[in-house]
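>>> sequence and predicted model, in that order:
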Amino acid sequence: MRTVIYPGSFDPLTNGHLDVIQRAVKLFDRVIVAVAQNDSKNPLFNITERVDLVKQAVAHLPQVDADSFDGLLVDYVESRSGQAVVRGLRAISDFEFEFQMALMNRKLNERVETIFMMPKDTYTFLSSRIVKEIARLGGDVSSFVPAHVQAALKGKLSKA
Ligand code: PNS
């Protein structure tokens, strides 16, 4: 059983994240989308809401689970008997941070491999941060996130 962990803030999940999940499913028996608590990032959605948005998005994919984690990623990977971490690489600008994180994780635990996958080119410009900004300013995000995420953004921002 080959298990990969897909960690991130997922605040909120976008179609770019879903694209990476669908690609990872082709390579691994099990994909665990691990939502980082990351309170220091001041997320718009709390951890329960972020996990729930992921769960709804992957409900049609039986090999995919959604979970949350706090603490070191490599410890979480071990606790779920994972072999690897997958991260999406959109552009060169992602590379420096991703490279640093992958090598640091390897230093912390040599058994955990990091795999990078490129999402579909139409998602190269997409990020949760930009989606939140567009939604906040009343723009249309329907082609960037699943419908339930769009509804959640609307609900959250109307209360803000
Ligand atoms: O979606 P993000 O915000 O780019 O995801 C970053 C994340 C959550 C993958 C990263 O911050 C992380 O792995 N945090 C867990 C803490 C940890 O293990 N830090 C050391 C890795 S360098």
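Received it, and whenever you're ready, just let me know what you need. Numbers count the residues shown, from 1 in each chain.
>>> now residue 154. Nearest residue, chain neighbours left out?
residue 135 (7.3 Å; CB to CB, 6 or more residues apart in numbering). No exception for glycine: its C-beta is placed from N, CA and C like everyone else's.
>>> could you point out which element follows the helix or strand hosting the one you found?
Using DSSP states H and E, residue 135 falls within helix 128-136. Downstream of helix 128-136, the next assigned helix or strand under DSSP H and E is helix 147-159.
>>> you'd agree residue 6 is in a strand?
Yes: the assignment for residue 6 by DSSP: H, G, I helix; E, B strand; the rest coil puts it in a strand.
>>> show me the contacts for it.
Under the criterion of CB atoms under 8 Å, 6 or more residues apart in numbering, the neighbours of residue 6 are 17, 20, 21, 24, 31, 32, 33, 34, 85, 86, 87.
>>> looking at those, spot the one nearest residue 140.
Residue 140 has its nearest neighbour among the contacts of residue 6 in residue 17, at 19.1 Å by CB to CB.
>>> what's the first helix or strand after the helix or strand that contains the closest one?
Using DSSP H and E, residue 17 sits in helix 15-27. Per DSSP H and E, the first helix or strand lying C-terminal to helix 15-27 is strand 30-36.
>>> list the buried residues of the very next helix or strand once past that next one.
Per DSSP H and E, strand 30-36 leads on to helix 47-57 as the next helix or strand towards the C-terminus. By 16 or more other CB atoms under 10 Å, the buried positions in helix 47-57 come out as 47, 49, 50, 51, 52, 53, 54, 55, 56, 57.
>>> can you lay out those residues as CSV showing distance to residue 114 and pLDDT?
What follows is the buried residues of helix 47-57, written out as CSV (distance: CB to CB, whole Å; pLDDT from 0 to 100):
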residue, distance to residue 114, pLDDT
47, 23, 97
49, 27, 98
50, 22, 98
51, 22, 98
52, 27, 98
53, 24, 98
54, 20, 98
55, 24, 98
56, 27, 98
57, 23, 98
